[in-house]
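Visitor: sequence and computational prediction follow.
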Amino acid sequence: MEIIRQERHGVSFYACPDPAWSGAAHGFSTRLGGVSPTPWESLNLGASRGDSPANVRENFTRFCAAVGTDVNSLVKNHQIHSSRIRPVTRADILSDPAQPGTYEADGLITVEPGVCLTIFSGDCIPILLYDPLRRCIAAAHAGWRGTAAGIAARAAEAMVQDYGCRAEDILAAIGPGIGPCCFETHSDVPEGLRPGLGEEAEELIRPLAAPGKFSVDLKGANACLLRRAGLSPEHIAVCPACTACQLDTFWSHRVQGGQRGSMAAMIQLV
């Protein structure tokens, strides 16, 4: 499986075109196709970035129309770089798409159609999960701390343990995020990741020429952890796009700091 860039109604996004995903409308946003002015130009989906609610509302309307989700069915979290997975229902839908999430968690999971799971990123790794047989979906926001805590695997495990899914049936889409080309870290990140990755860590953590500096592949780390949770390698799609490399297409917290918008990833049962 692969994740490819698409455009619909003037909005660019990434999604998995494989027919196996046809029962789940989903997509990873770019910064293109919205109405927000600089420094949020243009498809800012972050409700807490300083952009006007009217702009955020219109941007969500455009993005949802492009990927086929319902703008009036959004569920969001207040993301805290944790491994907390939040089960949700229609009772958790926000009254306004421009409303920020307040529940502290970094993952969402549901079996209810008409609930649009929505997570946010600006270099961190967005991950969408879908079981087409059990009809269960999950979304996870994985920064390096969430990756080290195994949030992607925890989401998959919750699908199995709490919703009756089989790991081998779950499809995973790992979306745009900072790549190893740009994710230069100190030793704290490798030290945090190694316990969960085991012997595979060294393929994903590479020492750099500068003393005490490392390049880390967060997408590869999340794919590894999903495989360890029982997902089939052929069911894991990884988007190659690096948010820090492609500032014409994405925002990057590492490059731009706080003067930026936010991308979103969303999934909803059709």
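Guide: Arrived safely, thanks for sending.

Visitor: the protein: helices as residue ranges?
Guide: In the chain, the segments counted as helices under DSSP state H are 53-67, 144-148, 151-163, 188-197, 201-204, 218-228, 253-256.

Visitor: run a quick neighbour tally on the closest residue to Val67 other than its chain neighbours.
Guide: Nearest residue to Val67, sequence neighbours excluded (C-beta to C-beta, 6 or more residues apart in numbering): Gly27, at 3.3 Å. Every residue, glycine included, has its C-beta placed from N, CA and C. Using other C-beta atoms under 10 Å, Gly27 has 27 other residues around it.

Visitor: so what pLDDT did Gly27 get?
Guide: Note on Gly27: pLDDT of 98.

Visitor: from what I can see it touches Cys16, true?
Guide: No - shown here, Gly27 and Cys16 do not form a contact pair, counting by C-beta atoms under 8 Å, at 9.3 Å.

Visitor: Ala20: what's it in contact with?
Guide: When contacts are counted by C-beta atoms under 8 Å, 6 or more residues apart in numbering, Ala20 touches 1, 132, 171.

Visitor: quick one: the last one from Ala138, how far?
Guide: The spacing between Leu171 and Ala138, counted by C-beta to C-beta, to the nearest Å, is 11 Å.

Visitor: show me where the stretch 101-250 of the chain has strands.
Guide: Assigned by DSSP state E, counting those that start in this stretch, the strands in the stretch 101-250 of the chain fall at 107-110, 116-121, 125-131, 136-142, 171-174, 184-185, 205-207, 214-216, 236-238.

Visitor: of those strands, which is nearest Val255?
Guide: Closest approach to Val255 among the strands of the stretch 101-250 of the chain (C-beta to C-beta): strand 184-185, 11.9 Å.

Visitor: where does the protein have low pLDDT?
Guide: Scanning the chain for pLDDT under 70 picks out nothing.

Visitor: kindly recompute the last result at 80.
Guide: Residue ranges of the chain with pLDDT under 80: 258.

Visitor: which one in it is furthest away from the centre?
Guide: Outermost residue of the chain with respect to the C-alpha centroid, by C-alpha atoms, centre = their mean, is Pro211; its distance is 31.6 Å.

Visitor: that older thread, OK, contacts around the residue nearest to Val67?
Guide: Contact analysis of Gly27 by C-beta under 8 Å, 6+ apart lists 6, 13-15, 63, 66-67, 69, 265-266.

Visitor: reformat the strands of the stretch 101-250 of the chain as TSV; add distance to Glu199 and mean neighbour count.
Guide: Below are these laid out as TSV (distance: least, C-beta to C-beta, whole Å; neighbours: other C-beta atoms under 10 Å):
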stretch	distance to Glu199	mean neighbour count
strand 107-110	27	26
strand 116-121	29	28
strand 125-131	22	28
strand 136-142	21	29
strand 171-174	21	26
strand 184-185	20	18
strand 205-207	12	16
strand 214-216	16	20
strand 236-238	19	21
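
Visitor: reformat those as JSON lines; add distance to Val160.
Guide: Below are the strands of the stretch 101-250 of the chain laid out as JSON lines (distance: least, C-beta to C-beta, whole Å):
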{"stretch": "strand 107-110", "distance to Val160": "11"}
{"stretch": "strand 116-121", "distance to Val160": "18"}
{"stretch": "strand 125-131", "distance to Val160": "9"}
{"stretch": "strand 136-142", "distance to Val160": "9"}
{"stretch": "strand 171-174", "distance to Val160": "13"}
{"stretch": "strand 184-185", "distance to Val160": "32"}
{"stretch": "strand 205-207", "distance to Val160": "28"}
{"stretch": "strand 214-216", "distance to Val160": "28"}
{"stretch": "strand 236-238", "distance to Val160": "16"}
